[in-house]
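*Asks:* structure here, sequence nowhere to be found:
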């Protein structure tokens, strides 16, 4: 008896293998040497599959980053603005300082002025994440915990900006005390 | 009649020429190719002068960045916390997005994990600037505008972090509205 597999099953496995291989290959060879061919080889899939599905390495990087962020930086919903922001900040710092992601973040920042496709991917990544994370603020508005005109993207940037800056500049992830200090300042600003 | 020059005069001119040449040479050849020899040539000074005074390109970069920041990002003292922070943020964004500095910032972020001397220079640069900029908060405390236990470095990082993050991620300097929104959020947090 043969096990019948849904077509979605194989396709999803190929996709997951390619996205994992993308971050692995970038870490191994660096951005200058990154190619769809090398990624396909690392993933053990046919080169044309990768070309047909993603087309460019920038499209592939964007998909890899968004998928990873979805998995490891979920948007919390604890019923408390402060607790949601602390959990978000902790997961975002852990992700940005992980061996799979930190080299990518640093490379994107360095290459961005010379590569419009990468700049576009970077903008779309942050736009998408800010919009997802903004749900934290919108739920706080709905609960009446913060004023209705609170600018949700500014709140998320006010939390993640200083923490990413610290990580990038020092090479050391901000600790729990730094995370809580940043969140407390932002919560104080919006719950007055 | 000969004009008598103070020894400090010539030394100060050499120093200024070398620091300007450092940023120019970095922009021209990139960090991988940056050498004290190339910088000395560009500045029109003797190579041994540069070696004796700075020793390493990282020490020279640190001096060049701190000196430039002193010149173009003065610490404002207007008597108003909000106005001081807006002026600081505007000048810091203009400096970080200038053709002399933006490539350096991006390069440092990319190279930092592989170069302990550069990481040390980056930490010293931000430590020094945060401490200078912190005077803005300390004066607000002295005026009684904010509580005495306000953490000055957190306030400065809360303003500059989101703005630098935006610039690095988008390649576009934040506009005046974005600057004021960030400052207003921080001022609301500390003047409650």
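*Replies:* Noted; the coordinates are in hand. Bear in mind the structure is a predicted one, so any value in this text is a computation, not a measurement.
*Asks:* tell me where chain A has helices.
*Replies:* Assigned by DSSP state H, chain A shows helices spanning A:7-29, A:36-43, A:47-54, A:57-72, A:81-96, A:102-111, A:116-133, A:135-142, A:152-170, A:176-190.
*Asks:* pick the most deeply packed of those helices.
*Replies:* The highest average neighbour count among those, using mean count of other CB atoms under 10 Å in any protein chain shown, belongs to helix A:152-170 at a mean of 23. C-beta: built from backbone N, CA, C; applies to glycine.
*Asks:* related to what we said a few turns ago, mean pLDDT and distance to residue B:11 added to the helices of chain A, as CSV?
*Replies:* Converted to CSV, the helices of chain A look like this (pLDDT from 0 to 100; distance: least, CB to CB, whole Å):
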stretch, mean pLDDT, distance to residue B:11
helix A:7-29, 89, 46
helix A:36-43, 96, 52
helix A:47-54, 94, 57
helix A:57-72, 93, 49
helix A:81-96, 97, 43
helix A:102-111, 90, 35
helix A:116-133, 93, 43
helix A:135-142, 97, 55
helix A:152-170, 94, 31
helix A:176-190, 95, 41
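*Asks:* surely residue A:133 touches residue A:88?
*Replies:* Yes: Residue A:133 is in contact with residue A:88 according to CB atoms under 8 Å; the separation is 6.1 Å.
*Asks:* residues touching the residue positioned nearest the centre of chain A, list them.
*Replies:* The residue lying closest to the centre of chain A (CA atoms, centre = their mean) is residue A:69, at 3.8 Å. Counting by CB atoms under 8 Å, 6 or more residues apart in numbering or on different chains, residue A:69 touches A:95, A:125, A:129.
*Asks:* give me that answer again for 7 Å
*Replies:* A:95, A:129 (CB atoms under 7 Å, 6 or more residues apart in numbering or on different chains).
*Asks:* contact residues of chain A facing chain B?
*Replies:* A:106-107, A:109-110, A:112-113, A:119, A:122-123, A:126, A:151, A:154, A:157-158, A:161-162, A:164-165, A:168-171, A:181-182, A:185-186, A:188-189, A:192 (CB under 7 Å from any CB of the partner chain).
*Asks:* where does residue A:149 fall, phi/psi-wise?
*Replies:* Main-chain dihedrals, residue A:149, degrees, to the nearest 10: phi -90, psi 20.
*Asks:* okay, residue A:23 and residue A:185: tell me how far apart.
*Replies:* Computed as CB to CB, to the nearest Å, the residue A:23 to residue A:185 distance reads 33 Å.
*Asks:* one more: residue A:88?
*Replies:* Using CB to CB, residue A:88 is found at 15 Å from residue A:185.
*Asks:* residue A:138 against residue A:151, yeah?
*Replies:* No: look at residue A:138 against residue A:151 with CB atoms under 7 Å: they stay out of range, at 11.2 Å.
*Asks:* in TSV: the helices of chain A, plus distance to residue B:16.
*Replies:* Listed next are the helices of chain A as TSV, based on distance: least, CB to CB, whole Å:
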stretch	distance to residue B:16
helix A:7-29	41
helix A:36-43	47
helix A:47-54	50
helix A:57-72	41
helix A:81-96	38
helix A:102-111	28
helix A:116-133	34
helix A:135-142	48
helix A:152-170	26
helix A:176-190	37
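*Asks:* residue B:80 is nearest to which of the ones you listed?
*Replies:* In terms of CB to CB, the element of these nearest to residue B:80 is helix A:176-190, at 17.8 Å.
*Asks:* check contacts around the closest residue to residue A:137 other than its chain neighbours.
*Replies:* Nearest residue to residue A:137 in three dimensions, chain neighbours excluded: residue A:152, at 3.6 Å (CB to CB, 6 or more residues apart in numbering or on different chains). When contacts are counted by CB under 7 Å, 6+ apart, residue A:152 touches A:134, A:137-138.
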